[in-house]
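**Q** Take a look and give me a structure for this.
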Amino acid sequence: MSDLERRLAGEILAIRAIDCHSHVPHQAPHARSLADLLGYHYYTELAHSAGMPADAVDPRRSEADRIAELVSRLAAFDNTVQHSWLVEAARELFAFRAPRLTAQNWTELAQAVAEAGKQVHRYRTVLAKANLEKVFLTNRFDEDLAEVDSTVFVPCLRADDLVFQAGDADVRRRLAVKTGTEVASPNDLRDAVGWLFRYFTGQGAASAAISLPPDFAPRRPDEKAAAKALARAARSKDLSHEEADELAAFAFETVVQACAIVKRPMQLMIGVLRNVYPEGVEGGRDLLSHRGSLIAYADLFRRHPDVDFTVSVLSAAWSHELATFAWIFPNVKPSGHWWYANIPVHIENELRARLEAVPKVKLIGYYSDMYKVEFALPKFNMYRRILARVLARDFVETGLMTEPQALEAARLLLRDNPKRLFNV
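**A** So this is what the prediction gives:
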């Protein structure tokens, strides 16, 4: 590491960041046991990939047995960045000094996690150590947000069920309970979605978000076809693939229109294929696809110039497309490095390409996608170090930026852009 890179890293590590996407449960945001850390899907799926039977982490097994099983598998994937996250979190947050977690020492870490987990508002201490100001949540549409700690957490309306399960009887029942609207027509759905957006924004929500398969193509919906699908669903009839598709198109458009009304961004997370490997562990059954294209979204971006779309993609091909879309569409903002792209080699390539091609005021550098706040520190630190390296080697040393300009770019990506785009 050069002196320049070291200086930049020191400054960048000190930037108080905004995390615009996580799965942290606001009722239990920090780890209360070592199982909460080792149960992160990265560890269960990597252990399974390396030979562990999927049922070894069945929640019906005792916590101690599950921990011991996962610890026994760590050596098989201690070459991975995910393993380094665990080691850094253990060292920095729980004063664990052994070079690795083993069958002989894991009880020491387990005790430290359990003791720390008893602390009131422990999550605030952890996030301060990680140098994060705000963390966005991912909230079900019928979730009660009254107890969310708004000093650090920002609600986000997850729209997957509203869009892809609007014909499901249980989803419509939940929607009726939450909003007071029985959804049997397109206008009913508009009313219910409008109520949800007013409720969420009233509770401080900064955006809506949705995970989309690679073959989804947003389009101007056929309201008559959507009405027929909803009427059929209201009669407890199963929808055909075509009917479900028409209803999803209408529901998606309704959600985007609601974003426009309340002036909130829409977070699009595009490219995941669900349940490709049903035999896998929970959280380890989905994959990415290279098929499809962001061109399917071009009409959406044109039709809604007043909605900011923060876009994450999974494949390298789509990542190149995303940079070109952000190059020309004012309302398209590349966001983070999602899931299978969240390893250093992919982050570095995507980051370099975005910084070379897209206005820096449009880039959201990173989000954690974490399930417990303890992973904020190692994951954001990983990104900060990569950011320092790219800025030093590819921008300052080549004369494209001065050192102060590089630090300004880092602040934009980590803090200023998400604060402005999401108004937090």
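**Q** okay, CA-based contacts and neighbour counts for the rest of this
**A** Will do.
**Q** Identify the residues contacting stretch 359-366?
**A** Residues from elsewhere that reach stretch 359-366 (Cα atoms under 8 Å, 6 or more residues apart in numbering): 19-20, 326-327, 332-337, 351, 354, 380, 383, 409, 412-414, 417-418.
**Q** try it again with 6 Å
**A** K333, P334, S335, G336, L413, L414 (Cα atoms under 6 Å, 6 or more residues apart in numbering).
**Q** Kindly report the same for stretch 187-196.
**A** Residues outside stretch 187-196 that contact it (Cα under 6 Å, 6+ apart): T179, T181, V183.
**Q** Could you export those as JSON lines, including pLDDT and secondary structure?
**A** Below are those laid out as JSON lines (pLDDT from 0 to 100; DSSP: H, G, I helix; E, B strand; the rest coil):
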{"residue": "T179", "pLDDT": "98", "secondary structure": "helix"}
{"residue": "T181", "pLDDT": "96", "secondary structure": "coil"}
{"residue": "V183", "pLDDT": "96", "secondary structure": "coil"}
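**Q** Closest to A28 out of those residues?
**A** Nearest to A28 among the contacts of stretch 187-196: T179, at 25.7 Å, using Cα to Cα.
**Q** Distance of that closest one relative to D416?
**A** Separation of T179 from D416 (Cα to Cα, to the nearest Å): 35 Å.
**Q** Likewise for A75?
**A** The gap separating A75 from D416 is 39 Å, by Cα to Cα.
**Q** what about these two, which has more around it?
**A** Neighbour count, other Cα atoms under 10 Å: between A75 and D416, D416 has more, with 21 against 14.
**Q** how about Y43, secondary structure?
**A** When classified by DSSP: H, G, I helix; E, B strand; the rest coil, Y43 comes out as helix.
**Q** Nearest to H304 among the contacts of stretch 359-366?
**A** Using Cα to Cα, the shortest approach to H304 within those belongs to K333, at 13.9 Å.
**Q** who does the closest one bridge with?
**A** Applying DSSP bridges to K333 gives these bridge partners: T310.
**Q** How about the contacts made by V135?
**A** Residues in contact with V135 (Cα under 6 Å, 6+ apart) are D19, F153.
**Q** Buried residues in the strand or helix carrying it, which are they?
**A** Remark: V135 resides in strand 132-136, with elements defined by DSSP states H and E. Under the neighbour-count criterion of 16 or more other Cα atoms under 10 Å, strand 132-136 has L132, E133, K134, V135, F136 buried.
**Q** N331 and D306 touch, don't they?
**A** No - using Cα atoms under 6 Å, N331 makes no contact with D306, being 7.4 Å away.
**Q** quick one, strands of the stretch 201-350 of the chain?
**A** When assigned using DSSP state E, counting those that start in this stretch, the strands of the stretch 201-350 of the chain occupy the ranges 208-212, 266-270, 272-273, 287-288, 309-313, 332-334.
**Q** Would you tell me which of those strands gets closest to A103?
**A** Across the strands of the stretch 201-350 of the chain, the minimum distance to A103, taken as Cα to Cα, is reached by strand 287-288, at 31.5 Å.
**Q** State the distance from the residue in the chain sticking out farthest from the centre to P53.
**A** In the chain, the residue that sits farthest from the middle, by Cα atoms, centre = their mean, is R235; the gap is 35.8 Å. Separation of R235 from P53 (Cα to Cα): 43 Å.
**Q** what do you get for V358?
**A** Counting by Cα to Cα, the gap from V358 to P53 is 44 Å.
**Q** What of D215?
**A** Distance, D215 to P53, by Cα to Cα: 32 Å.
**Q** cool, and K372?
**A** Distance of K372 to P53, given as Cα to Cα: 24 Å.
**Q** And S33, by the same measure?
**A** Counting by Cα to Cα, the gap from S33 to P53 is 22 Å.
**Q** V358 and P53: which is more packed in?
**A** Between V358 and P53, counting by other Cα under 10 Å, V358 is the more crowded of the two (19 against 16).
**Q** how is the chain carved up into domains?
**A** Using automatic domain parsing, the domain parsing of the chain gives 1-24+119-140+343-414, 33-117.
**Q** model confidence over the shortest one, on average?
**A** Per-residue pLDDT values across domain 33-117 average out to 97.
**Q** Brilliant, that's me finished.
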